[in-house]
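>>> next comes the sequence, and after it the predicted model I'd like to discuss.
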Amino acid sequence: MNDGVGVARGSMLVFLNNDVEPLDPGWLTELVGQAVRPDVGAVGAKLLYPNRRVQHGGVTLAGDWVARHADVGLTDDHSGYLGRSRLAQTMSAVTGACLAMRRSVFDAVGGFDAAELAVDFSDIDLCLKAGAAGFRTVWTPHARLLHHESASRGPYLTAAKKARWEAEAAVMRARWGELLHHDPYYNPNLAIDPETTTLRAGVPAAFTQLIVAPARLRGGLPTIGRRV
């Protein structure tokens with residue numbers, strides 16, 4: 001992808017896996033419309049499995065697991081936790097399977113780390129670098145694509161791939177440290193284990209509807225459901 005950027009001539013970059021298929025005619029307009037905003041770095045889309053359940057609803061930082069996709073398995077029309085899944089919003093990261101970014105931002109943060117993060121976390125790292133430079137990452141449900149996940153990469157859990165994942169996860173833990181355990185855009189009372197929104201252990205279920213996002217508020221709204 002870095003090589004592709006090197007020969008591209010435009011000011012807007014859109015990275016796409018070879019196993020994604022646009023569903024909405026305005027998907028690119030939506031992504032670029034968000035990405036041209038001066039305070040925005042990366043922009044990601046809503047990705048669906050071929051059965052039309054969610055594969056990617058944005059990325060949440062997940063401690064030692066580094067990061068996990070939000071809303072995995074929900075139906076396309078599901079509103080998600082407190083309606084979050086219907087809102088364009090700031091998140092910590094989005095997947096590189098469909099990611100838009102201005103070239104100026106990409107160049108400013110040094111692009112993808114092809115040396116130490118060759119496969120698994122280079123997209124998360126790119127978004128976090130953009131965040132550290134003062135740019136927001138936006139996920140939008142208004143650009144939808146099918147993701148035939150691993151159609152070209154094959155089965156994921158081979159011994160070699162597991163070893164590579166562990167090595168690259170270690171790089172991310174060393175590089176981003178405590179940030180991975182304290183996602184500023186995800187309610188600390190919620191878990192992301194597995195890749196679905198649930199209450200953390202010890203949080204009374206009776207308080208489910210009372211939970212609001214953490215102390216970081218923007219415009220008086222919780223960050224988990226803030227319009228952008």
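Structure received.

>>> pull the residues that contact stretch 39-46.
With C-beta atoms under 8 Å, 6 or more residues apart in numbering as the test, stretch 39-46 has contacts from 27, 30-31, 34-35, 54, 56-59, 91, 93-95, 98-102, 105, 109, 126-127, 130-131, 133-145. Where C-beta positions appear, they are placed from N, C-alpha and C, glycine not excepted.

>>> can you give me how far the helix or strand where Phe106 lies is from the chain middle?
Assigned by DSSP states H and E, Phe106 belongs to helix 103-109. In terms of C-alpha atoms, centre = their mean, to the nearest Å, the centre of helix 103-109 is found 18 Å from the chain centre.

>>> which helices and strands does it pack with?
strand 12-16, strand 40-48, helix 122-132 (3 or more C-beta pairs under 8 Å, 6 or more residues apart in numbering; DSSP states H and E).

>>> nearest to Arg68, out of the ones you listed?
Within these, the stretch nearest Arg68 is helix 122-132; the backing value is 10.2 Å (C-beta to C-beta).

>>> list the buried residues of the closest one.
Neighbour-count burial for helix 122-132, counted by 16 or more other C-beta atoms under 10 Å, picks out Ser122, Asp123, Ile124, Asp125, Leu126, Cys127, Leu128, Lys129, Ala130, Gly131.

>>> same question for stretch 44-58.
Result for stretch 44-58 [16+ other C-beta under 10 Å]: buried residues Gly44, Ala45, Lys46, Leu47, Leu48, Tyr49, Val54, Gln55, His56, Gly57, Gly58.

>>> gap between Ile192 and Glu21?
Separation of Ile192 from Glu21 (C-beta to C-beta, to the nearest Å) stands at 26 Å.

>>> which of those two has more neighbours?
Neighbours were counted for Ile192 and for Glu21 using other C-beta atoms under 10 Å; Ile192 has more, 23 against 14.

>>> ok, that one touching Tyr186?
Yes. With contact defined as C-beta atoms under 8 Å, Ile192 and Tyr186 form a contacting pair (7.1 Å).

>>> overlap in contacts of those two?
Thr60, Ala70.

>>> which neighbouring elements make contact with the helix or strand harbouring Ala160?
Here Ala160, judged by DSSP H and E, is contained in helix 159-176. In this structure, helix 159-176 makes packing contacts with helix 122-132, judged by 3+ C-beta pairs under 8 Å, 6+ apart.

>>> check which helices and strands the helix it packs on sits against.
Going by 3+ C-beta pairs under 8 Å, 6+ apart, helix 122-132 lies up against strand 40-48, strand 98-102, helix 103-109, strand 136-147, helix 159-176.

>>> please repeat the previous calculation with a cut-off of 6 Å.
Applying 3 or more C-beta pairs under 6 Å, 6 or more residues apart in numbering; DSSP states H and E, we find helix 122-132 packed against strand 40-48, helix 103-109.

>>> dump those into JSON lines; add distance to Lys161 and mean pLDDT as well.
Shown next, in JSON lines, are these (distance: least, C-beta to C-beta, whole Å; pLDDT from 0 to 100):
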{"stretch": "strand 40-48", "distance to Lys161": "21", "mean pLDDT": "98"}
{"stretch": "helix 103-109", "distance to Lys161": "27", "mean pLDDT": "98"}
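
>>> please name whichever of those is nearest to His181.
The nearest among the helices and strands packed on helix 122-132, by C-beta to C-beta, is strand 40-48 at 21.4 Å.
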